[in-house]
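>>> here is a sequence together with a model predicted from it:
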Amino acid sequence: MKISFTSAALPEAGVVVVGVLDGRALTPSAVALDDRLGGILRRAMEASRFQGKKDQSLAVVAPGNSRLDRVVLLGMGEGKDLNGAAAEALGGRLHGAVSGNGDKEVTVAVDGVDGCPLSAGELAAHMAVGARLRSYRFDKYRTKEKPEDKPTLTALAFGCEESERAAALYGPLDKVVDGVFLTRNLVSEPSNIIYPETLAAEAKALEALGVEVEVLDVKEMRKLGMGALLGVGQGSARESQLAVMQWHGAGSHKGKGKDKDKKGDKGGKDGSAAAGPIAFVGKGVTFDTGGISIKPSAGMEEMKYDMAGAGTVIGLMKALAGRRAKVNVVGVVGLVENMPSGTAQRPGDIVTSMSGQTIEVINTDAEGRLVLADALWYTQDRFKPRAMIDLATLTGAIVIALGSHHAGVFSNDDALFGRLAGAAAAVGEPVWRMPLGEEYDKAIKSDAADMKNVGNRAAGSITAAQFLQRFVKDTAWAHIDIAGMAWTKETRDVIPKGATGYGVRLLDRLIAEHYEEK
Ligand code: BES
Ligand code: MN
Ligand code: ZN
């Protein structure tokens, strides 16, 4: 779908969308159009339940003497509530209202709104972002889809006085949406197509954007002592991989000040002057059968999205490189397939992680934490990051606790959590803080090894986070459990049903607001 911004006034022909605020308050464009059409917009509103509330829209057929085909009244709710995230949601609903009606091109008139925290240009840019996010489709395997079942919309033009400002604001946001779409594509692909080597190749493809990418194979990981990650992958016919992506947007990591700042700072908690990169670590289990502790077959197909953490990190790197973000970022993804077989790891096996700590594998289905244990350790050890954030579809328990409306965040650093919460609110990708604590850590004590990979049934997401924390030294760290967020069964404002791409916009925003050179 092509998105453009024009300063042209209302079009003479075609389909046009105009905004209406709560209480049937027409925006200036809507007033102008209503006058031109002899008052039919007001009449249509009065003849319907349409109030201009934020989830309402009303399509009005233009009268015979007009060259317009249709006017869509878009409910905007109250002006004061229209922040960036709300404007994106509005754009998403706008796309939902016009994409399947047979129209190819639609013009949207955007005006400044009283009480709205955004200017007309900002409003238009955010609405465009939302519309594009909603336009995503993963239909490459549908060879027999009827044309009448496909969306028809190919071009969306936003008409607004500040069109140049809107276009300038939209430019980098469009790159972020490119990253979201990559994540959605990777997460949507089935596991016969996306497996460790092909997912590593997707990371490698970011070299075209200037990202430095290394891929470690089993031999190299064995040399590093990554027994926890390798144990998970050993039952699969697909070779495990670790992909390491570096975006040097602020110059070299070995830049001035780093060594000086780092000494005595042991990696430095977030907010210190330390100049290490920001690191993102992703769980990339390209299919999770559970291994020998095999999952029930009902719904097991969903476990193709158990690589969503890795998919998010790869999409984020694409977004940052795409918009040439002035920041140094590292992305590390641990890629394995968790299969039962004659070579698979057994319950009771004891593995030695790269950190040297030993783990008794009680349940082979608690595999994500084993992958992350080595990926986190490696990232921290090699890059001495200023902050480290991991993303993982880690536990079913977080879905029980928070459903699919908040990701669970665990952090050893209040400032880092605060920054995440701010970014989450700004982009509409909600997070909820969950606790860490010694009391929970006791649950993963083992008689046979330094720890075991599961607790009892209680507080399953927290004991998983405690396990991860044992592989984090003095680095500011946050763990985001996205098990309930990576996939949606119903269409939302800016997310068609399927892979959500959750986390790309959140973390892009975190970087933009707090870590990027201005
Ligand atoms: N990949 C799953 C968690 C998951 C569940 C992701 C639902 C997405 C949707 C994870 O590897 C897993 O199997 N976790 C187990 C842990 C248990 C064995 C301690 C779980 O949550 O049941
Ligand atoms: Mn599992
Ligand atoms: Zn898993």
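It's in. Ligands and ions are numbered 1, 2, ... in the order given.

>>> who in the stretch 301-450 of the chain is up against ligand 2?
365, 367 (CB under 5 Å from the ion). (C-beta placed from N, C-alpha, C; glycine too.)

>>> closest point of the stretch 301-450 of the chain to ligand 2, which residue?
Asp365 (3.9 Å; CB to the ion).

>>> please apply the same query to the stretch 401-518 of the chain.
For the stretch 401-518 of the chain, CB to the ion, closest residue to ligand 2: Ala483, 9.9 Å.

>>> for that residue, which non-adjacent residue is closest in space?
Thr393 (4.4 Å; CB to CB, 6 or more residues apart in numbering).

>>> re the thing from before, what's the distance between the residue of the stretch 301-450 of the chain closest to ligand 2 and ligand 1?
4 Å (CB to the nearest ligand atom, to the nearest Å).

>>> what pLDDT does the closest residue to that residue other than its chain neighbours get?
Among residues not flanking Asp365 along the chain, Gly290 sits closest, at 3.7 Å (CB to CB, 6+ apart). As predicted, Gly290 sits at a pLDDT of 98.

>>> what's the answer for Ala459, then?
98.

>>> burial of it, as a residue count?
Using other CB atoms under 10 Å, Ala459 has 20 neighbouring residues.

>>> so it sits against Asp441, correct?
No - with contacts counted by CB atoms under 8 Å, Ala459 stays clear of Asp441, the gap being 10.9 Å.

>>> tell me the helix or strand right after the worst-scoring helix or strand of the chain on mean pLDDT.
Of all helical and strand segments in the chain, the minimum by mean pLDDT, DSSP states H and E falls on helix 258-262, at a mean of 39. Using DSSP states H and E, the next helix or strand after helix 258-262 towards the C-terminus is strand 278-288.

>>> tell me the angle the helix or strand just after that next one makes with strand 278-288.
Next in sequence after strand 278-288, counting helices and strands by DSSP H and E, comes helix 308-322. For helix 308-322 against strand 278-288, the angle by axes from the mean of the first three to the mean of the last three CA atoms, to 10 degrees is 140 degrees.

>>> quick one, phi/psi of the residue of the stretch 401-518 of the chain closest to ligand 2?
Backbone torsions of Ala483, given as degrees, to the nearest 10, read phi -60, psi -30.

>>> and it, what does it touch?
Listed by CB atoms under 8 Å, 6 or more residues apart in numbering, the contact set of Ala483 reads 392-396, 398-399.

>>> change it to 6 Å
Remark: with contacts taken as CB atoms under 6 Å, 6 or more residues apart in numbering, Ala483 is in contact with 393, 395, 398-399.

>>> which of the residues you listed has the most neighbours?
Neighbour-wise, the contacts of Ala483 (other CB under 10 Å) top out at Thr393, 30 neighbours.

>>> for the protein, which helix is longest?
What stands out as the longest helix in the chain, according to DSSP state H, is helix 163-188.

>>> where does this protein dip in pLDDT?
252-274 (pLDDT under 70).

>>> try 80
251-275 (pLDDT under 80).

>>> what residues does the host helix or strand of Lys219 touch?
If you go by DSSP H and E, Lys219 is part of helix 218-224. For helix 218-224, contacts defined as CB under 6 Å, 6+ apart pick out 230, 239-240, 242, 354.
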